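1. Here is a sequence together with a model predicted from it:
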Amino acid sequence: MILLRGLGAFGAQVLAMLAVVGRLTLFALETVTHLLRPPFYGREFLNALVQIGWLSLPVVGMTTLFTGGALALQIYAGSARFSAEAVVPSIVAIGMVRELGPVLGGLMVAARVASSIAAEIATMKVTEQIDALVTLSTNPMKYLTLPRVLAATLAVPCLVGVGDVIGIMGGYLVGVTRLDFNAATYLKVTYDFLEFGDVMSGLVKGAVFGFIVATVGCFYGMHSGRGAQGVGAATKSAVVAASVLIFAANYILTEVFFSA
């Protein structure tokens, strides 16, 4: 009996999760359908571009800088066991460009932007500002969701590109100052090893992650509960869902780009 109750509770949780995934998918499709239909709110888009892109640059840059340095140390320590220290520049470069740059950039943006968007829109819902927009014949999806989703989709690949460069430079600084690599040789190996497909795969991942972060933030903001507790729950759910979806999308995209 206890086992059946446990299975029933687990099944209910799974069904609830699938229902949320379905609603989120429909929400994302509805957002995309508004892309080619006027009106367009350029000021909201530019404001979102600054908030999501420019203001997220410091945290993404610092994260990738220290990650690149730590990655160089770890690869050197591992490769030294096989007398293969020369692979450090190439592995740091491909690791940052293919995986760590996009994933860490996406997660930092999720922590900063998904929570902010969800809290902002949820607060507007609680204070009935969204109802006021509807009263004024303004579509909340076009005014609130579309500019943020579009801005994130365009801004996050730029953040990923900058983060890749900073992360590689972090590995370069550690390699030259701590591991006694020749500066010119380190940069030449990095440049020769990277391919166009490596860079493009990371930028595509960044665009997908940006779309996920903004869509999830808007979704949970629009569907938040009432009161301060509802705003807090929406913020927490947005960050958790965006982070999990980023990891899932990263695996799928890696399979698409690099599977044998």
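-> Arrived safely, thanks for sending. Numbers count the residues shown, from 1 in each chain.

2. Report the central residue of the protein.
-> By C-alpha atoms, centre = their mean, the chain has its centre lying nearest to Gly106, at 2.2 Å.

3. ok, for that residue, nearest residue in space, not its chain neighbours?
-> Phe209 (3.3 Å; C-beta to C-beta, 6 or more residues apart in numbering). Using the backbone N, CA and C atoms, a C-beta is placed for each residue, glycine as well.

4. how far away is that neighbour from Phe27?
-> According to C-beta to C-beta, to the nearest Å, Phe209 and Phe27 sit 17 Å apart.

5. which of the two has more neighbours?
-> Shown here are Phe209 and Phe27; by other C-beta atoms under 10 Å, Phe209 has more neighbours (29 against 18).

6. helices or strands up against the one helix or strand the more buried one maps to?
-> Using DSSP states H and E, Phe209 sits within helix 196-222. If contacts are counted by 3 or more C-beta pairs under 8 Å, 6 or more residues apart in numbering; DSSP states H and E, helix 196-222 sits against helix 2-33, helix 101-109, helix 115-126, helix 146-177, helix 227-258.

7. Quick one: residues contacting Leu24.
-> Residues in contact with Leu24 (C-beta atoms under 8 Å, 6 or more residues apart in numbering) are 215-216, 219, 241.

8. Closest one to Leu65 out of those, please.
-> Val216 (26.9 Å; C-beta to C-beta).

9. And for the closest one, nearest residue in space, chain neighbours not counted?
-> Setting aside the residues directly before and after it, Val216 is nearest to Ala242 in space (C-beta to C-beta, 6+ apart), at 4.3 Å.

10. how many other residues sit next to that neighbour?
-> 28.
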